[in-house]
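K.L.:
Predicted model and sequence follow; I will ask about them next.
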Amino acid sequence: MDILTEIVHAGMWDEDPTGTSSVPLFRGSTFSQEPGAQPRWDYGRSGNPTRAALEQAMAKLEGGCAAYAFSSGIAAVNSVLMMLSTGDHVVVGEDIYGGTYRTLSLLFSRWGLSTTWVDAADLDAVKAAITDKTRAILVESPSNPLLRICDLAAIAALAREKGIQAWTDNTFQTPLLQRPLDLGFHVSIHSATKFLGGHSDVVAGVAVVSEDSIAKELYKIQNGFGAILGPDDSWMVLRGIRTLAARLRMQQEHAMRIATWLDARPEVLAVHYPGLASHPGKDIHDRQTTGPGAVMSFDLGDAHKAEAFLRAVELPLTAVSLGGIETILSWPCRMSHASMPPAERLRRGIGDGLLRLSVGLENPSDLEADFAAAFVR
Ligand SMILES: Cc1ncc(COP(=O)(O)O)c(C=O)c1O
């Protein structure tokens with residue numbers, strides 16, 4: 001069935017005997033057991049019917065064999081990384097969520113996992129970074145915060161040729177716009193805090209996997225490490241998913257309009273948005289997705305101008321995050337990518353004048369008027 005239909009019916013719980021329209025919220029931390037029998041549910045960390053409904057929905061929406069829900073997007077990223085061992089090596093796209101950079105450079109490095117950062121848009125660079133210790137490639141497309149595009153099918157094919165895994169963080173696109181497992185990826189990770197939840201009122205993460213052997217390994221980590229998503233938050237994400245298509249399609253339409261408007265402003269040095277014809281990765285992006293999404297970044301040149309603009313705008317929420325129904329404006333060098341040393345940020349092209357914009361459901365004319373006023377204030 002079409003993804004629009006799948007999204008609306010996501011999370012209808014197969015085991016429900018009542019025919020309810022909404023998945024029940026099971027808050028119990030444990031479940032009574034028949035002594036000696038193998039119980040379907042035994043303990044809330046190991047499995048919860050509400051969380052399972054979300055996991056099944058995400059597996060279905062992204063064409064995986066299973067999905068696992070975690071207490072945050074970064075818990076999902078870290079749990080996937082925990083499939084690696086001391087001495088292993090991972091090749092990672094350099095323009096990636098700052099929290100993923102932090103966890104790899106500050107935490108996993110302590111445990112002997114080594115990382116090579118590459119421009120994932122350069123397939124030769126990805127290939128050259130692979131060593132005999134490499135176990136996985138991790139990329140984002142579009143990347144965060146520069147919205148760079150990499151060729152997902154080519155990266156997945158390279159990983160498969162080398163006998164390693166291909167992982168991607170699909171937070172910006174969601175299964176509505178991009179299905180990485182169909183392109184050969186082994187794992188697709190989401191911060192469900194963003195478009196899946198959709199209302200900036202829940203923190204959650206999901207990882208969808210393509211194969212039973214990976215599912216087994218990731219379940220072991222979900223249950224063993226225990227960074228599970230609670231039932232209330234699972235319910236919230238499921239509820240968010242059911243309106244994903246309506247929200248994201250409209251947000252994307254508004255984003256296209258705002259990107260075009262910003263691109264024409266003399267104050268803006270560059271707009272990074274794969275919907276614009278001038279975007280260098282547009283052809284590849286159009287081949288692997290069904291839309292440009294609702295997130296962009298734009299460059300005002302320096303920190304002083306970026307800060308002045310943030311102080312002057314009235315409509316957007318100035319905050320860390322994206323994907324809510326309200327427009328969110330963030331300053332990567334001071335917020336999402338503050339953990340990256342300035343030299344590393346600059347090397348990656350994340351200047352102090354760069355702002356990231358997640359376009360919401362407001363009338364874009366109001367946003368344009370607010371931004372226009374902020375530019376002259
Ligand atoms: C692309 C991406 N991945 C992962 C995360 C981490 O998600 P969470 O904040 O839910 O832990 C974020 C958060 O901003 C993100 O933008």
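P.N.:
Perfect, I can see it now.
K.L.:
what does the domain assignment say about this protein?
P.N.:
Using automatic domain parsing, the domain parsing of the chain gives 3-241, 245-376.
K.L.:
Switch the ones you listed over to JSON lines; also include mean pLDDT.
P.N.:
Shown next, in JSON lines, are the domains of the chain (pLDDT from 0 to 100):
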{"stretch": "domain 3-241", "mean pLDDT": "96"}
{"stretch": "domain 245-376", "mean pLDDT": "96"}
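K.L.:
nearest to the ligand, of these?
P.N.:
Closest to the ligand of the domains of the chain is domain 3-241 (CB to the nearest ligand atom; 2.3 Å). No exception for glycine: its C-beta is placed from N, CA and C like everyone else's.
K.L.:
what secondary structure does the residue nearest to Pro231 when sequence neighbours are not counted sit in?
P.N.:
Leaving aside its chain neighbours, Pro231 sits nearest to Thr50 (4.1 Å; criterion: CB to CB, 6 or more residues apart in numbering). Secondary structure assignment for Thr50 (DSSP: H, G, I helix; E, B strand; the rest coil): helix.
K.L.:
C-terminal to the longest strand seen in the chain, what's the next element?
P.N.:
When every strand of the chain is counted residue by residue (DSSP state E), the longest turns out to be strand 134-140. As assigned by DSSP states H and E, the chain's next helix or strand after strand 134-140 is helix 152-162.
K.L.:
That next one to strand 134-140, inter-axis angle?
P.N.:
Counting by axes from the mean of the first three to the mean of the last three CA atoms, to 10 degrees, helix 152-162 lies at 180 degrees to strand 134-140.
K.L.:
which residues touch stretch 249-263?
P.N.:
The contact list for stretch 249-263 (CB atoms under 8 Å, 6 or more residues apart in numbering) reads 176-177, 268, 271, 273, 275-276, 278, 291-296, 298, 325, 357-362, 364, 367-368, 371.
K.L.:
need the residues of the stretch 1-150 of the chain near the ligand, please.
P.N.:
Ser72, Gly73, Ile74, Val77, Tyr97, Gly99, Glu140, Asn144 (CB under 6 Å from any ligand atom).
K.L.:
Show me the two of the residues you listed that sit farthest apart.
P.N.:
Farthest pair in these (CB to CB) is Ser72 and Glu140. Separation: 16.6 Å.
K.L.:
Now for Met335: which residues touch it?
P.N.:
Ala319, Val320.
K.L.:
my read is it is in a helix, agree?
P.N.:
No. Applying three-state DSSP, one finds Met335 to be coil, outside a helix.
K.L.:
quick one, what contacts the residue nearest to Lys133 when sequence neighbours are not counted?
P.N.:
With sequence-adjacent residues excluded and distances taken as CB to CB, 6+ apart, Lys133 is closest to His89, at 4.0 Å. By CB under 8 Å, 6+ apart, the contact set of His89 is Leu113, Ser114, Thr115, Thr116, Thr131, Lys133, Thr134, Arg135.
K.L.:
ok, His89 to Val209 distance?
P.N.:
Distance from His89 to Val209, counting by CB to CB, to the nearest Å: 21 Å.
K.L.:
Closest one to Glu161 out of the residues of the stretch 1-150 of the chain next to the ligand, please.
P.N.:
Once CB to CB is applied, the member of these that ends up nearest Glu161 is Glu140, at 21.4 Å.
K.L.:
So that closest one is in contact with Ile96, correct?
P.N.:
Yes. At 5.3 Å, Glu140 counts as touching Ile96 under the criterion of CB atoms under 8 Å.
K.L.:
Overlap of the contact sets of those two?
P.N.:
Common contacts of Glu140 and Ile96, defined by CB under 8 Å, 6+ apart, comprise Asp169.
K.L.:
quick one: contacts for Gly349?
P.N.:
So Gly349 contacts Asp95, Leu146 (CB under 8 Å, 6+ apart).
K.L.:
cool, the one 5 residues further on as well?
P.N.:
Under the criterion of CB under 8 Å, 6+ apart, the contact list for Leu354 reads Pro145, Leu146, Ser297, Phe298, Asp299, Leu300, Ala306, Trp331, Pro332, Cys333.
K.L.:
Surely the first one is in contact with Cys333?
P.N.:
No. With contact taken as CB under 8 Å, Pro145 and Cys333 are classed as non-touching, separated by 9.3 Å.
K.L.:
quick one: which of the two has more around it?
P.N.:
Legend: neighbour count by other CB atoms under 10 Å for Pro145 and Cys333, higher for Pro145 (30 against 21).
K.L.:
nearest residue to Gly73 other than its sequence neighbours?
P.N.:
Excluding the flanking residues, the one nearest Gly73 by CB to CB, 6+ apart is Ser191, at 2.5 Å.
K.L.:
Specify the beta-bridge partners of the one you found.
P.N.:
Gly205 (DSSP bridges).
K.L.:
hang on, isn't Thr193 packed against Ser321?
P.N.:
Yes. Counting by CB under 8 Å, Thr193 does reach Ser321; the two are 6.6 Å apart.
K.L.:
Next, show the common contact partners of those two.
P.N.:
Common neighbours of Thr193 and Ser321 (CB under 8 Å, 6+ apart) are Ser200.
K.L.:
picking that back up, please report how far the residue nearest to Pro231 lies from Ile228.
P.N.:
On the measure of CB to CB, Thr50 and Ile228 end up 11 Å apart.
K.L.:
got it, and Gly353?
P.N.:
In terms of CB to CB, Gly353 sits 40 Å off from Ile228.
K.L.:
cool, Leu244 as well?
P.N.:
Per CB to CB, Leu244 is found 22 Å from Ile228.
K.L.:
Arg110: how many residues sit nearby?
P.N.:
Residues lying near Arg110 (other CB under 10 Å) number 7.
K.L.:
list the contacts for the residue nearest to the spatial centre of the chain?
P.N.:
The centroid of the chain falls nearest to Thr171 when counting by CA atoms, centre = their mean (1.8 Å). Contacts for Thr171 (CB under 8 Å, 6+ apart) come out as Gly73, Tyr97, Glu140, Asn144, Ile189, His190, Ser191, Lys194, Phe195, Gly323.
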